[in-house]
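pasting the sequence and the predicted coordinates here, then a few questions.
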Amino acid sequence: MNVIAFLGSPRREGNTETLLKKAIEGIESLGLNVNLFRLNEMDIMPCQNCGGCEETGFCIYNDDMNQIYEAIRIANRIILASPIFFFGLSAQTKAMIDRCQSFWCEKYLLKKPIISGEFGRKGLLLLVGGMKKEMGIECAGATAKAFFRTISVPEHKTLAYLGIDAKGEILKHPTALNEAFEAGKELVKIR
């Protein structure tokens with residue numbers, strides 16, 4: 001089974017990364033490996049809305065997204081982890097998602113969705129936000145849902161934690177780390 005994870009937080013060892021690491025530990029406890037993409041450390045230019053992918057389903061720009069495109073194509077499980085900034089996903093996460101317009105073109109214009117493969121495709125969304133308003137989860141979740149749908153991931157679970165702002169604060173949450181660990185394990189189970 002091929003598992004990939006996208007870390008959209010710019011803060012090293014922050015709350016989002018801590019939560020993601022726990023989910024990855026859950027997966028690794030079952031003997032699987034996870035290919036982690038640290039989006040803040042990658043060269044990903046924003047989508048130029050140039051239409052270059054409309055006839056082929058492939059982006060015409062060459063940067064670190066090429067690694068991501070290939071990883072998404074062969075993945076069975078995909079984790080998206082982002083802090084909530086201004087009621088949305090981080091800029092790093094959003095830039096990666098926007099560049100998946102080529103998958104949208106491939107799926108909806110060219111009628112060539114990604115094949116689900118032997119294990120199917122499932123996702124996990126991890127969100128951490130300082131504000132306590134549900135609006136952040138709703139807005140970030142809507143974008144993530146569109147991303148998962150576009151890359152042919154028909155179902156995903158969401159774990160979201162609000163009121164978590166200061167670095168390391170997620171460690172004080174009574175259930176977050178255990179829930180992330182269990183969600184990681186659940187993600188890779190085959191029914």
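Arrived safely, thanks for sending.

where do the helices sit along this structure?
15-28, 65-74, 91-98, 101-104, 135-150, 176-187 (DSSP state H).

how far away is residue 119 from residue 112?
Separation of residue 119 from residue 112 (Cβ to Cβ, to the nearest Å) stands at 20 Å. Using the backbone N, CA and C atoms, a C-beta is placed for each residue, glycine as well.

list the buried residues in stretch 53-70.
53, 57, 59, 61, 64, 65, 68, 69 (16 or more other Cβ atoms under 10 Å).

mind picking the two most distant members of these?
Between any two of these, the greatest separation by Cβ to Cβ is 19.0 Å, found for 57 and 64.

hmm, residue 187 is touching residue 23, no?
Yes: assessed by Cβ atoms under 8 Å, residue 187 is found in contact with residue 23 at 7.5 Å.

looking at those two, which is more packed in?
residue 23 (27 against 23; other Cβ atoms under 10 Å).

what sits against the more buried one?
Shown in contact with residue 23 (Cβ atoms under 8 Å, 6 or more residues apart in numbering): 5, 79, 81, 124, 126, 180, 181, 183, 184, 187.

most neighbours among these, which one is it?
Counting neighbours by other Cβ under 10 Å, the top entry in the contacts of residue 23 is residue 126, with 32 neighbours.
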